[in-house]
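Q: Show me the folded form of this:
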Amino acid sequence: MRSVFQIKNSSVKKNFLSLSILQVTNYVFPLITIPYISRIFGPETYGLLNFATAFLGYFWLLVNYGFDLSASREIAQNRDNHEKMQAIFNQVLFSKLFLFFISAIMFLIALFAIEKLNNYSTLYLIMFFGGVFNIFFPTWFFQGIEKLNLTAIFTFIIRLIFTLIIFILIKEKNDYILYPLATILGQILISFISMYLILKNYMIKLKIPDFSEILNTLKTSRQVFFTTVVINLYTTTNFVILGFLSGNFEVGVYTAAYKIVIIFMSIISAPLSQAIYPNIGYYFSLSYDKGINKIYKSLIFIIPLTLMPAFFMLLFPELIIKLIFGEGFLNSVLTLKLLSFIPFIIGLSNIFGIQGLLNLKKDNVVLIITTLGALLGLILNFVLVPMYRHNGTAVSWVITEVFITTLMFFAFVKSTNFLSDISKFYNKIKGVDIV
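A: Predicted coordinates:
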């Protein structure tokens, strides 16, 4: 008899492994370089780089427009219709280019208007315009067709090469501007390889859509976009508020704890979440009951996966900080303890919200909940950061995530028969594969 934790569905299993490779590439390779660069840069310069990343994240939030969720869902539901899939690809790609043009204008205005940015204008210019190549790395497309293995392999190889370049180029504190340059060079190669694979293997022909189609694409994805905006308000905005109210040193200290949490999430729960999202969407297209069963099974799988890193971070925070960032970041120990259960909390929120409510087409509900959470997060940040600095930021994030997860749970229960069916489900899943 098979265990409930086994994954039989080959496409989900394959994409989970592929996404794990992508996450290892995006986070573990930088983790290899962090012990090196954190000791060279120190908390203040390291904080500068992460503040810049967080601030520029607003513009990339606009460019991405939530397509990782909305477009991948559309591709998943139309992957047997080549003509429709090609239309979606072109509409999303050129919508992103249009949004990049708007973002560039807004960015240049901000760069010259805000002194904190203007003092490091070269860094911001390199990071912003180098990021344009992200547009041509359509993870959303591969996610939608559940074919992420080739991209994962190429990404792994290229990131490995440019991780080595980091060790070759960066020798002293003033070399901080070379760090984003090395990342950008890697992104250029990844983008060209990805586009080549799509155009050749999936016979996608590039065609500029009518402007009305671009506007319609933006209109149909706006609710998911607004949801990603408000999520950003209580995650990335934490760095920005901390940077303005405290300074780069505090941003560096908070970033150390934050990155450790994100790395655990990105290796374990995030790949599974991305892999099962189109799969659950597909089963919802077959029947309501099949989609709901997938969510129940995913919930059982995600709980132990997210609790393990939570307890590890809670019990060994000083060891982790010293090992990865060095003794210059020991102020991050308490911050890491405060954030240790974030992977578990967000894992539950993801199941009830992203996997459940979004696939049930309850986009409005998710938007309302995340908006309330964003407002709470902003208030908490402005209240707690002046008093507790980086630890205030950590507490704000934890409270906000607990609040959002609670609302997601009750909204999911209201939209389904979760509580009444849960006992029957547990009896039925014995010997049934999880996804």
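Q: What ranges does the stretch 151-300 of the chain have for its helices?
A: 178-201, 211-220, 222-233, 236-245, 248-267, 269-286, 288-315 (DSSP state H, counting those that start in this stretch).
Q: I'd like to know which elements the first one is packed against.
A: Helix 178-201 is packed against helix 29-64, helix 121-130, helix 149-169, with contacts defined by 3 or more Cβ pairs under 8 Å, 6 or more residues apart in numbering; DSSP states H and E. Backbone N, C-alpha and C define where each C-beta goes, glycine included.
Q: chain center to that helix, what's the gap?
A: Distance of helix 178-201 from the chain centroid (Cα atoms, centre = their mean, to the nearest Å) equals 19 Å.
Q: Need the helices of the stretch 151-300 of the chain in CSV (columns: distance to E172).
A: Below are these laid out as CSV (distance: least, Cβ to Cβ, whole Å):
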stretch, distance to E172
helix 178-201, 10
helix 211-220, 45
helix 222-233, 33
helix 236-245, 24
helix 248-267, 17
helix 269-286, 34
helix 288-315, 32
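Q: Let me know which of these is tucked in deepest.
A: helix 248-267 (a mean of 25; mean count of other Cβ atoms under 10 Å).
Q: picking that back up, considering the helices of the stretch 151-300 of the chain, which stretch scores lowest in mean pLDDT?
A: If the helices of the stretch 151-300 of the chain are sorted by mean pLDDT, helix 269-286 sits at the bottom with a mean of 67.
Q: Comparing the helices and strands packed on helix 178-201, which stretch has the densest surroundings?
A: helix 29-64 comes out most buried of the helices and strands packed on helix 178-201 by mean count of other Cβ under 10 Å, with a mean of 20.
Q: Toward the C-terminus, what is the element adjacent to that helix?
A: Once helix 29-64 ends, the next helix or strand along the chain (criterion: DSSP states H and E) is helix 67-77.
Q: can you list the residues that contact that next one?
A: 85, 88-89, 92, 95-96, 139-141, 143-146, 220-221, 224-225, 228, 277-278, 281-282, 285, 354, 358-359 (Cβ atoms under 8 Å, 6 or more residues apart in numbering).
Q: how about 7 Å then?
A: 85, 88, 92, 139-141, 143-145, 221, 224, 277-278, 281-282, 285, 358 (Cβ atoms under 7 Å, 6 or more residues apart in numbering).
Q: what do you get for stretch 175-186?
A: 37, 41, 45, 49, 122-123, 126-127, 130, 158-159, 162, 165-166, 169-170.
Q: now with 6 Å?
A: For stretch 175-186, contacts defined as Cβ atoms under 6 Å, 6 or more residues apart in numbering pick out 41, 45, 123, 126-127, 130, 158-159, 162, 165-166, 169-170.
Q: Ok, stretch 158-168 next?
A: Contacts of stretch 158-168 (Cβ under 6 Å, 6+ apart): 25, 29, 32-33, 182, 186, 189-190.
Q: Restrict that stretch to CA atoms and write it as CSV.
A: Only the C-alpha atoms of stretch 158-168 are listed here, as CSV (Å, rounded to 0.1, in the frame of the first residue of the first chain):
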residue,chain,number,x,y,z
ILE,A,158,24.7,29.3,-15.9
ARG,A,159,24.3,30.3,-12.3
LEU,A,160,27.2,28.0,-11.4
ILE,A,161,29.5,29.7,-13.9
PHE,A,162,28.6,33.2,-12.6
THR,A,163,28.8,32.2,-9.0
LEU,A,164,32.5,31.4,-9.8
ILE,A,165,32.8,34.8,-11.4
ILE,A,166,31.7,36.4,-8.1
PHE,A,167,34.7,34.9,-6.3
ILE,A,168,37.0,36.1,-9.1
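Q: need the contact list for A394.
A: Contacts of A394 by Cβ under 6 Å, 6+ apart are 335, 338-339.
Q: Kindly apply the preceding question to F403 instead.
A: 373, 376 are the contacts of F403 under Cβ under 6 Å, 6+ apart.
Q: Helix or strand: which one has it?
A: helix 363-415.
Q: tell me the angle of that helix relative to helix 288-315?
A: Inter-element angle recorded for helix 363-415 and helix 288-315: 100 degrees (by axes from the mean of the first three to the mean of the last three Cα atoms, to 10 degrees).
Q: Run a quick check on T400 versus G373, I expect a contact.
A: Yes. Assessed by Cβ atoms under 6 Å, T400 is found in contact with G373 at 5.2 Å.
Q: Could you count how many residues lie near the closest residue to K322 other than its chain neighbours?
A: Sequence neighbours aside, L330 is the residue nearest to K322 in space, at 7.3 Å (criterion: Cβ to Cβ, 6 or more residues apart in numbering). Neighbouring residues of L330 were enumerated by other Cβ atoms under 10 Å; the total is 15.
Q: just N417 next, same as before
A: 12.
Q: Now do the same for it: its pLDDT.
A: N417 is given a pLDDT of 70.
Q: related to what we said a few turns ago, what's the angle from the helix holding F403 to helix 248-267?
A: Going by the same axes, to 10 degrees, helix 363-415 makes 60 degrees with helix 248-267.
Q: Spit out the contact partners of F329.
A: Applying Cβ under 6 Å, 6+ apart, the residues near F329 are 256, 321.
Q: just to revisit the earlier point, of the contacts of A394, buried ones?
A: Buried members of those, counted by 16 or more other Cβ atoms under 10 Å: 335, 338-339.
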